[in-house]
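In: pasting a predicted model and its sequence here:
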Amino acid sequence: MSGAEIARLYRVVLWRAWPAVLLFALLMSFFLDHLTLALPDPLAPDALERYSEFLGSAGLWRAVLVVTLLSLWPTCALVICALRLAGGAALPFAGGLPAALRAYPAALALSLAYVGLTALGLMLFVVPGIYLAGALQLWVVALLAGEASAGRALQASGRRVQHRWWRSNTMVAIVVLCGLAAGALVSLVADLLVHVVTGIWALDAASQRLAALAVSMLGNFVTAPAYPVALVASYRDLATPAV
């Protein structure tokens, strides 16, 4: 896929798959809001010790686990929508969320296997872990495209990325970075508007927090399709034989 085709796919997924995009943005925004409130005071005398305790707390990692498991659902929905739209097919109902829910058990099992293999590679030697993370990440596209069963999706991703690891991961990184940059720009503009409104109407603390949450949601909304579209673009790009 060309850069123009990827950009167009991104825009179409962003607006036409809005239920999944909105769900992802809500999950990420509420998680980040909770995380921000739980962070220790960086100016406290024992700030380093508090941060160390916070990063090792069970509550933090439970929250990370929950939001990761929940966000897999809209992520799968966005992959389904990107696949359909890239192939010229009709968009699935409700932004692909019902279809993604049906595929969720298999996707959950594969995501745990993917994380486990990557973590094992990182623990043994860092480089194999990085290689596996890049080589196996297309499992979700192989599964949801119906081109591989749940038992063979990881293998299918590895075969497709084989000998073209750098090409695949460079494309994914560029698309994701562009999505993050777009989200950051939208958040910056929205945040400036919030500061102007706050200065004019002197909003109370609760209203300011709601405004900050809205800014976060807007940024996450724009960023949400980045990784799913990047995976689909890489998967389709690698469908052409290497030259």
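Out: Okay, I see it. Owing to the predicted nature of the structure, the values given are computational and were not obtained by experimental measurement.
In: tell me where the chain has helices.
Out: Secondary structure of the chain, counting by DSSP state H: helices at 3-16, 18-38, 47-55, 58-86, 97-124, 126-136, 139-144, 153-161, 165-201, 205-223, 226-237.
In: the longest one - what's its average pLDDT?
Out: Meaning helix 165-201. For helix 165-201, mean pLDDT is 91.
In: which secondary structure elements does it contact?
Out: Here helix 165-201 touches helix 3-16, helix 126-136, helix 205-223, helix 226-237, going by 3 or more C-beta pairs under 8 Å, 6 or more residues apart in numbering; DSSP states H and E. From N, CA and C alone the C-beta is placed, and that goes for glycine too.
In: gap between the last one and the chain center?
Out: On the basis of C-alpha atoms, centre = their mean, to the nearest Å, helix 226-237 sits 12 Å off its chain's mean C-alpha point.
In: dump that helix to CSV, keeping only the CA atoms.
Out: The C-alpha coordinates for helix 226-237 follow below in CSV (Å, rounded to 0.1, in the frame of the first residue of the first chain):
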residue,chain,number,x,y,z
ALA,A,226,-3.1,4.0,14.1
TYR,A,227,-2.0,0.5,15.1
PRO,A,228,-4.8,-1.5,13.5
VAL,A,229,-4.4,0.3,10.2
ALA,A,230,-0.6,-0.1,10.4
LEU,A,231,-1.0,-3.8,10.9
VAL,A,232,-3.4,-4.2,8.0
ALA,A,233,-1.3,-2.1,5.7
SER,A,234,1.8,-4.1,6.5
TYR,A,235,0.0,-7.4,6.1
ARG,A,236,-1.3,-6.4,2.7
ASP,A,237,2.0,-5.0,1.7
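In: run through the neighbouring helices and strands of that helix.
Out: Judged by 3+ C-beta pairs under 8 Å, 6+ apart, the packing partners of helix 226-237 are helix 3-16, helix 58-86, helix 139-144, helix 165-201.
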